[in-house]
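Student: how would this look folded up:
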Amino acid sequence: MTVFEPLPLPKLKKLPRSMPEEGAITIILQEGVPIFRASRSVQERIQTLLDKASAHNLTVVENEELDRYQEVDDYLSHLNRLIRNSLLARATKVNF
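Tutor: Have a look, this model is predicted:
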């Protein structure tokens, strides 16, 4: 029998300054599983920073901001995997 052992959640160093305190994260359902995502406004800011980065026009502050957003994205991805894996493990356990 496989036992699901969740990995500890990483700690974020800090949030991006431009990240709004409210409305920064949305929750959608995919096949009944809650998925956490950056809101549309946050995604637009990230895209702006990525466009500037590809044109080599990021300031040091903007580069740090983009790094913070990458950490948030990694964190949300990790959290989403934990939730999905936990629900899959529970469903597998129930089916046996």
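
Student: center of this structure - which residue?
Tutor: Centroid check for the chain by Cα atoms, centre = their mean gives Leu76 as the closest residue, at 2.3 Å.

Student: what score does it have for pLDDT?
Tutor: pLDDT, Leu76: 94.

Student: helices of the protein, start to end?
Tutor: Secondary structure of the chain (DSSP state H): helices at 40-54, 60-95.

Student: mind checking those helices for the one nearest to Val33?
Tutor: Among the helices of the chain, helix 60-95 comes nearest to Val33, with 5.6 Å by Cβ to Cβ. (Glycine included, C-beta is placed from N, CA and C.)

Student: got the buried residues for that closest one?
Tutor: Buried residues in helix 60-95, counted by 16 or more other Cβ atoms under 10 Å: Glu62, Glu65, Leu66, Arg68, Tyr69, Glu71, Val72, Asn80.

Student: now do the lowest-mean-pLDDT helix or strand in the chain against helix 40-54, angle only.
Tutor: Lowest by mean pLDDT, DSSP states H and E among the helices and strands of the chain is helix 60-95, with a mean of 88. Relative orientation of helix 60-95 versus helix 40-54 (axes from the mean of the first three to the mean of the last three Cα atoms, to 10 degrees): 130 degrees.
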